[in-house]
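Visitor: got a predicted structure here, sequence first:
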Amino acid sequence: MNILFIGDVVGRPGRNYLSNNLGRLIEENNIDFVIINGENSAGGVGITKSTYDELLGMGADIITLGNHSWAKKEVLEFIEDAERLIRPANYPEGTPGKGFRIVEKAGKRIAVINLCGRVYMDCIDCPFKAVDKILNELKDKADVIIVDFHGEATSEKLAMGWYLDGRVHAVLGTHTHVQTSDERILPGGTAYITDVGMTGPIDSILGVEKEAVIRKFITGMPAKFEIAGGEVAIGAVCIQLDDNNQVTSIKRIT
C-alpha cells in the first residue's frame, strides 16, 4: 500500500496546483490513499465547505486541520457532518468535530489521527495523553495508523515521533510550511518527518507575499497578509507499506 500525505495547502494557488497535478502524482506513485492538510486551504487560513468539497473531489480520502481549524466560522456549520474531515484531537472535550477517522480502502482499515502541538502554540490539551486515549480506542479496529502532528517546535515533533515509535505507522509533521530533510524509519518501524512542508507559492514567506511580512518584521507594525502568486510547489511524502502493514519506505516529494 502507498499512502500520499500532502502538507499544508495554501489557498487557491495550492488548490489549483493539486487540481492540475494530484491525479498525475497518484498515478506515478501508485497511490492507494491520500491525506491532505487543509487548514490553510481557504484564503490561506482555515477551511470552508466549498474548499473541503473541492479537495475531496480531487482525490483526498482524509483532510486534516490544525491551529487554524476555526478561522472560518462556517466550519462550525458542517464539521460534524464532514465524514472525511478531522481537527486536532487534543482540543478540549466538547469541541465540534472528530480528532480521528477510520476509512476502509484497498482492503485496509486506515486510521488518521490529527494532533496539535503546545509549544509556541495556543493552549490546548496534552497531545501525548490524547493520542494514548485514541490508540486504546483503536485496538483491533485499524490496520494502519497515520498521525498528522501539527506543531511549531522541532523538539516536540521529535518527541512525539519517538513516543509513538512502534505504535503507529507514521508521525508526519505539519504547520511550519518548510519541508525538512530528516525523513526516516525509526527503530520501531514508524515513518517520521519533522515537517512535510507546504503546497503553495515558492517565492513567498510561508505562502504569503514577501513584502508585507518583511515590513512587519522591520517596523513591528501590523500588516495585512495576502497569498503570494507565481510558481507553486508541493510538499508531500509517500509512505510505502508491505502486505504485512510494515513500513518499508518514506519518500519526500517536492
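Guide: Sure thing, it's come through.
Visitor: would you map the strands across the stretch 51-200 of the chain?
Guide: 62-64, 85-86, 100-105, 108-116, 144-150, 170-174, 184-185, 191-193, 200-201 (DSSP state E, counting those that start in this stretch).
Visitor: for the fourth one, which positions count as buried?
Guide: In other words, strand 108-116. Buried residues in strand 108-116, counted by 16 or more other Cβ atoms under 10 Å: 108, 110-116. In this view, the C-beta of every residue, glycine as well, is placed from N, C-alpha and C.
Visitor: kindly report the same for stretch 88-107.
Guide: Neighbour count says stretch 88-107 has 88-91, 95, 97, 99-103 buried, by 16+ other Cβ under 10 Å.
Visitor: so what touches the top helix by length along the chain?
Guide: Counting by DSSP state H, the longest helix found in the chain is helix 11-28. Contact partners of helix 11-28, identified using Cβ atoms under 8 Å, 6 or more residues apart in numbering, comprise 4, 6, 8-9, 31, 34, 36, 40-44, 51, 54-55, 58-59, 198-201, 207, 227-229, 232-234, 236, 253.
Visitor: I'd like the list of those that fall within helices, please.
Guide: Those of the contacts of helix 11-28 lying in helices (DSSP H): 51, 54-55, 58.
Visitor: make JSON lines out of those and add neighbour count, pLDDT and distance to A170.
Guide: Conversion of these to JSON lines gives the following (neighbours: other Cβ atoms under 10 Å; pLDDT from 0 to 100; distance: Cβ to Cβ, whole Å):
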{"residue": "T51", "neighbour count": "22", "pLDDT": "98", "distance to A170": "25"}
{"residue": "E54", "neighbour count": "19", "pLDDT": "98", "distance to A170": "25"}
{"residue": "L55", "neighbour count": "27", "pLDDT": "98", "distance to A170": "20"}
{"residue": "M58", "neighbour count": "19", "pLDDT": "96", "distance to A170": "21"}
